[in-house]
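Enquirer: requesting a structural model of the entry that follows:
(one chain, ligands or ions: 2)
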Amino acid sequence: MSDSAHATNGSAAAVDGDADTVSHADEATGEAAEPYTFADLSVVMGTYNEEEAIGTVLEDIDEVTDGEAEVVCVDGSSDRTPEIAREHGATVIEQEPQGYGVAVREAVLTPDRPVVVTTDCDDTYPMEALPEFLAAINDGADVVSGDRLYHGAEAMPAFNRLGNHAFAAIASLLMGERVHDTTTGMRAYRREVVEEIGWTENTGLSAELLIRPLMRGHDVRERPIHYAERLGETKLDPIGGGAAIAKSIVTVCLEEQLRRF
Ligand SMILES: Nc1nc2c(ncn2[C@@H]2O[C@H](COP(=O)(O)OP(=O)(O)O)[C@@H](O)[C@H]2O)c(=O)[nH]1
Ligand SMILES: [Mg+2]
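Expert: Ligands and ions are numbered 1, 2, ... in the order given. I've put the predicted structure just below:
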């Protein structure tokens, strides 16, 4: 499947240009501005007892972005995660652990930089894809979503993989638009998009962060990414978490359909 065929929004496929050279429009003047660079990027994450993985994740971000991306960790750990994060130059916001979405909502709303990228702090997501995600934003995308299932996601537990295929099928049906991975942790967003929408979900926040922008007509594009085996223990209970995500998908899709009337 080509990149444009993989776009989830019809208008995305119409954007025709070199992703590396097309620049974003300046909001105030409407004129083309300089393309965003890594100095315009914040990589944000919830971190909860990730001392095994955090060093590697932050080193990868540093290497890929030449030390230019800002990193924000919203941390609920009782281990050495926050110390390691600070040693690597990240901004650490302390928060009682209250679930994935509570942490990630705070994380995406914290940066002042114009492009916000989410990731998990478990070494599963390819930071090498950051240049491609930034290029897609410079090409006009509002949201770039890493599709883990495209390449098979063999590192994912089989139960989760099945669940993620089912979530994508349900969301596609309820939205009337085909999406392939609704619960991915790696996405790039224009900061205006995350700031203009009211977020309501916790475990289901990742699905909400895809569904609401897409259903409000933003240019949302999926990009295949490789997904690696996790370092450290998962924080998500597959059954309880899966049920919460399914409920979020149905609620958010119905709310967004009702907004259209
Ligand atoms: N601060 C904070 N981070 C959390 C919480 N729950 C999960 N996270 C982080 O959110 C990310 C996603 O969780 P993860 O266990 O990887 O979920 P999985 O990818 O579904 O296995 C990881 O970086 C976790 O450390 C929480 O309650 N508080
Ligand atoms: Mg994870």
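Enquirer: residues in contact with residue 74?
Expert: Residue 74 makes contact with 44, 45, 46, 47, 93, 95, 103, 104, 106, 107, 110 under the criterion CB atoms under 8 Å, 6 or more residues apart in numbering. For glycine as for every other residue, the C-beta is placed from the backbone atoms N, C-alpha and C.
Enquirer: please see if the strand or helix carrying residue 104 touches ligand 1.
Expert: Using DSSP states H and E, residue 104 sits in helix 100-109. Yes. For helix 100-109, a contact with ligand 1 is found by CB under 6 Å from any ligand atom, at 100, 103.
Enquirer: up against ligand 2, what does the protein have?
Expert: 120, 122 (CB under 5 Å from the ion).
Enquirer: select the longest helix from the chain.
Expert: In terms of residue count, the longest helix belonging to the chain (DSSP state H) is helix 238-259.
Enquirer: quick one: is the host helix or strand of residue 210 near ligand 1?
Expert: Using DSSP H and E, residue 210 sits within helix 205-215. No. Figure legend: helix 205-215 not in contact with ligand 1 (CB under 6 Å from any ligand atom); closest approach 8.7 Å.
Enquirer: now the very next helix or strand once past that helix against helix 205-215, angle please.
Expert: Downstream of helix 205-215, the first helix or strand assigned by DSSP H and E is strand 220-224. Inter-element angle recorded for strand 220-224 and helix 205-215: 130 degrees (by axes from the mean of the first three to the mean of the last three CA atoms, to 10 degrees).
Enquirer: going forward, count from 16.
Expert: Happy to do that; since the first residue is 16 now, the last one works out to strand 235-239.
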